[in-house]
Structure formats: C-alpha cells, structure tokens
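Enquirer: mind folding the following:
(4 chains)
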Number of protein chains: 2
Amino acid sequence: MGKAVSKKGEQPSVDKTNFETLNGFTGYHLKRATNLMMSDLNATLKPFELRLLSYTALVLIVDNPRIRMSQLAAAMDVERPNMVVIVDALEGRELISRQRLETDRRAYALNITLAGRSLYEKATVAVRGHEERLTRQLDAQTRDKVIEAMKLILKIGGVAHT
Amino acid sequence: MGKAVSKKGEQPSVDKTNFETLNGFTGYHLKRATNLMMSDLNATLKPFELRLLSYTALVLIVDNPRIRMSQLAAAMDVERPNMVVIVDALEGRELISRQRLETDRRAYALNITLAGRSLYEKATVAVRGHEERLTRQLDAQTRDKVIEAMKLILKIGGVAHT
DNA sequence: AATATTGGTTATCAATCATAACTAATTATC
DNA sequence: GATAATTAGTTATGATTGATAACCAATATT
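Expert: Below you'll find the model as predicted:
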C-alpha cells in the first residue's frame, strides 16, 4: 500500500523491484537469512575441508562418543546411504574411527580421533567467529528470542529432539 | 557441562542424542526452522502445481508488472538459465505472458494472465494459512522482532534490496 | 527354526544449481 | 558510421545434492 511503484500501476517496472508481498512472509526472511548464513558457514569451513554436513557429523560425534551411524543419520536428518559417504570421508581422513560394537556386531561405534578433535576445535573456533560476525548486530536478548522463536516453529511442525 | 551424557563420558551413547554444541549455534536453529517451513510451504503449494521458485516468480510478476526476465532472475537470486525453465513452465500453463519490449527487442516484459492472477490469489491464501499455522505461537511482536533480526543479518552479509 | 527387522552398504536416479557457449539486439568506442 | 563490447535470453551440459531400491549380515520376533 502506498509504495513507490504507484502511479497508475502498469509502467515498465525496471530499476526498483517491488518486494511488497514477499516481505510480508516470515518464511521469506528466514530463508534469505539462512541462505546467507549457510553460504558463509560453508566458506568458513572450506579451509578445514569441511562442509555443513561433515562438520555437523564431527560435532555430534564429539558430543556423543560411540554414537552409531544410524543414530547419527537420524540426528542429522540425513538418509543412511548419504551418511555412509560422509562417514567414509571423515574416516578416510582419520578424523573419526569406526569400531564394531561387541553388543551388536552389525553396528559401528563412531569416535573422534586425536586429529579429528584437533580439527574440530579449530573449526569450531572459526564457526563461532562466523556466528559472531553475522549476528553481531543482534543483542543477546534478541538472539535468544530468535532461537526461542525457531524452537516454537519446530515444535508446531512436530519436530522432536533438543 | 552438566548434561545427561555425563558419567565418565565413554559409554554407548544410544537413545538420547546430545545436541549441546549445535544448540549453541543460531544458524543451526535458523536452518532447522527454515527447512521445516520450506518443506511445509512446498506441500502447501503442491495442490496448485507450484513450487517455491515458481510461486515466488508469480508473486514478483504480480507485484512488478512488465518485469524483465533478467530482473526477475536477479530479484530471485537465480541464474538466468534456470529462470528460463521456470518462466517457460509458467508460460506453458498460460499463467504469465512474454511480451517483446518495443524499447529493447532483446527483452521480454512478463505479465500475469487472468488465470495466473486467479491461481496467484488462491495460492497466496494457502501460503498465508501456512504462515499462520507455523508462526501461530509467535505473538506479533516476536514475529516482527524475528523479521528485523533477519534483515540485520542480511545487512551484515551485504545483501541489498528491500 | 523360520520370519521379520535393523545397521550398514552399494548402485542408481531425480532434482537442483551452476557454467560455457551461442544468437540477437543494443550500447560504446574510435 | 563501422567495429567492438555488452546485455537479454537461450541451449546444452555438468557438478552436486538428496532420495530410493535392493542387498548382506546380524539381531530380534514368533
């Protein structure tokens, strides 16, 4: 209403694009900010030869020693076949180790290696820097409110965990 | 810190997964909520045979009559070759029309058709319902705070527009 | 013991997204 | 005003991502 494009309403529409309707959608803003953050995150992780999913796997393995692959896949919301290639790559770089479980010889217990922990720590410093950089303008209270809002959305959507 | 996994720190780690580190990242929560919203949005648009990008294109064409394809691609942050297939599909369904510009005969002016506007209106009602459903738990003030926060993040990242 | 289920794997396929190269039209340069 | 450079749209293609089907071995179920 009362926007710049006014004046009759049927001229070329070059230069300024009108985002009126899209701007009314919360999801639009969420998606754009998230795209930016994911893109910056991947750039942040590139020096460590990690990507969103491989880094997330590292984090979860550090926080959950001896986690099984299927549990990791569920936690990351990734199909098992895709989990295999992520784990293969991390194991190939000797950042994590697979260990057969004695209690269930189908499954592997995943553990972080020394090299893996070292990379995890360096990468996490970088990721915290990335977060700090991109959310610097938000005061702590706003940031917490945002996180709470995201949790509410997830709860409504019936996504469990946390 | 004082979490459930405690006790020595090297047992199976089945059942409960520890998301401690990930939970500390704003980007993690943003991405999860956004994934949920995009998934629900696509489900919402399916009955109209629209997807995120085709719906966004419709919206921008409605809000910007006679917009050119390249401007639309820039506004949507989509590569031009990919824009072509989106526009082709919409034109194939006669939801939009291509019109050669007299002033620049390389370019097309995109316009919504009657059928396109009708579908746009129905789809937008559904999308508003989807937004309402997923953000119902957020009071208006919180929702606005979230949107402002997203805009701040985008500003830091150097993303223009709006 | 026979059957079903689960953890992990392989192969494969669909969808998404980006890149290179082209034509036609316009703009810039000399 | 001819030549070169750029722009709008297109085509073809390739890389990457994510999902599905089918399989083996081990465990759980009946």
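
Enquirer: so what's the residue lying closest to A:Val84 once chain neighbours are set aside up against?
Expert: Take A:Val84 and drop its neighbours on the chain: the residue closest to it by C-beta to C-beta, 6 or more residues apart in numbering or on different chains is A:Met69, 7.4 Å away. In short, each C-beta sits where N, CA and C put it, glycine included. With contacts defined as C-beta atoms under 8 Å, 6 or more residues apart in numbering or on different chains, A:Met69 is in contact with A:80, A:83-84, A:87, A:107-108, A:110.

Enquirer: repeat that with 10 Å
Expert: A:57, A:80, A:83-84, A:86-87, A:98, A:107-110 (C-beta atoms under 10 Å, 6 or more residues apart in numbering or on different chains).

Enquirer: just the buried members of the residues you listed?
Expert: A:57, A:83, A:86-87, A:107-110 (16 or more other C-beta atoms under 10 Å in any protein chain shown).

Enquirer: quick check: which of those are also close to chain B?
Expert: Of the residues in the buried ones among the contacts of A:Met69, proximity to chain B by C-beta under 10 Å from any C-beta of the partner chain holds for A:107, A:109-110.

Enquirer: for chain A, what lies in contact range of DNA strand D?
Expert: Residues of chain A lying close to DNA strand D by C-beta under 7 Å from any atom of the strand are A:51, A:53, A:78-79, A:81-82, A:103-106.

Enquirer: please redo it, this time with the cut-off set to 10 Å
Expert: A:14, A:38, A:42, A:51-54, A:73, A:76-86, A:100-107 (C-beta under 10 Å from any atom of the strand).

Enquirer: low-confidence stretches in chain A?
Expert: A:1-14, A:160-162 (pLDDT under 70).

Enquirer: list the buried residues for the longest helix along it?
Expert: Longest helix of chain A, by residue count under DSSP state H: helix A:114-135. Applying a neighbour-count criterion of 16+ other C-beta under 10 Å, one finds A:116-117, A:119-120, A:123-124, A:126-127, A:130-131, A:134-135 buried in helix A:114-135.

Enquirer: that helix: what's the following helix or strand?
Expert: Downstream of helix A:114-135, the next assigned helix or strand under DSSP states H and E is helix A:140-156.

Enquirer: could I get the buried residue list for that following helix?
Expert: So helix A:140-156, judged by 16+ other C-beta under 10 Å, has buried residues A:142-143, A:145-147, A:149-154, A:156.

Enquirer: now do the same contact list for the spatially most central residue of chain A.
Expert: Centroid-nearest residue in chain A: A:Leu52, 5.8 Å away (criterion: C-alpha atoms, centre = their mean). Taking C-beta under 10 Å, 6+ apart as the criterion, A:Leu52 is in contact with A:38, A:41-42, A:45, A:76, B:27-28, B:31.

Enquirer: next one: A:Glu102
Expert: Shown in contact with A:Glu102 (C-beta under 10 Å, 6+ apart): A:Ala109.

Enquirer: from A:Asn111, how far off is it?
Expert: 14 Å (C-beta to C-beta, to the nearest Å).

Enquirer: same check on A:Thr17?
Expert: Separation of A:Thr17 from A:Asn111 (C-beta to C-beta): 51 Å.

Enquirer: can you check A:Arg117 too?
Expert: 10 Å.

Enquirer: need the residues touching each of these two.
Expert: A:61-62, A:96.

Enquirer: sort out for me which of those residues are in strands.
Expert: The strands, defined by DSSP state E, take in A:Ile96 from the shared contacts of A:Arg117 and A:Asn111.

Enquirer: tabulate the shared contacts of A:Arg117 and A:Asn111 (TSV), appending neighbour count.
Expert: What follows is the shared contacts of A:Arg117 and A:Asn111, written out as TSV (neighbours: other C-beta atoms under 10 Å in any protein chain shown):
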residue	neighbour count
A:Ile61	26
A:Val62	20
A:Ile96	26
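
Enquirer: just the shared contacts of A:Arg117 and A:Asn111 that are near chain B?
Expert: Among those, the residues within reach of chain B (C-beta under 10 Å from any C-beta) are A:61-62.
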